[in-house]
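**Q** Show me how the following folds:
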Amino acid sequence: MRFYRVSNLAVALEKSWREGKLASFRDRFKSVDVIILDEMGYVPFNKEETKLLFQLISDWYELKSLIITSNLEFSQWNRVFSDSRLTAALVDRVIHHAHILNFTRDSFRITNALSRQR
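**A** Model prediction:
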């Protein structure tokens with residue numbers, strides 16, 4: 001299992017690509033069955049990061065189990081990724097075999113902080 005904040009993964013991908021080490025970076029995931037991508041949607045990606053994330057998630061499609069956390073609905077992912085067609089293709093892959101859990105309750109952190117103030 002691997003855990004990444006998506007913004008950190010995007011930065012690492014772009015750095016590996018610039019240094020000519022993208023293939024070895026992608027090889028790190030060969031034996032990993034579950035990948036957790038946390039905080040999708042908190043930080044927008046540049047065009048290169050968007051392409052690289054798409055390639056990586058496409059590589060994992062139907063081969064790896066992905067857990068993605070996000071505060072955005074899929075229809076709002078265009079805010080994060082710089083290319084709407086690529087975003088649509090990415091969402092298509094992510095939701096194809098997905099179990100989507102939608103939490104609409106108040107944030108645990110906010111509730112906890114407010115209860116301590118009382």
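
**Q** CA atoms for contacts and neighbours, from now on please.
**A** Will do.

**Q** Low-confidence regions, the chain specifically.
**A** When the per-residue scores of the chain are filtered using pLDDT under 70, no range remains.

**Q** Let me see the ranges of the strands in it.
**A** In order along the chain, the chain carries the following strands (DSSP state E): 2-5, 34-40, 65-70.

**Q** The shortest one pairs with which strands, parallel or anti?
**A** Its sheet considered, strand 2-5 pairs with strand 34-40 (parallel) by DSSP bridges.

**Q** Could you count how many residues lie near the residue nearest to residue 22 when sequence neighbours are not counted?
**A** Taking CA to CA, 6 or more residues apart in numbering, and ignoring the residues beside it in sequence, residue 22 has residue 16 as its nearest neighbour in space, at 4.8 Å. With neighbours defined by other CA atoms under 10 Å, the count for residue 16 comes to 16.

**Q** ok, now how distant is residue 16 from residue 99?
**A** Counting by CA to CA, to the nearest Å, the gap between residue 16 and residue 99 amounts to 31 Å.

**Q** Repeat that for residue 33.
**A** For residue 33, the distance to residue 99 (CA to CA) stands at 17 Å.

**Q** ok, these two, which is more surrounded?
**A** residue 33 (13 against 9).

**Q** so what's the backbone phi/psi at the more buried one?
**A** Listed backbone geometry of residue 33 is phi -90, psi -30, with angles given as degrees, to the nearest 10.

**Q** Distance-wise, check it relative to residue 62.
**A** As for residue 33, its distance to residue 62 is 11 Å (criterion: CA to CA).
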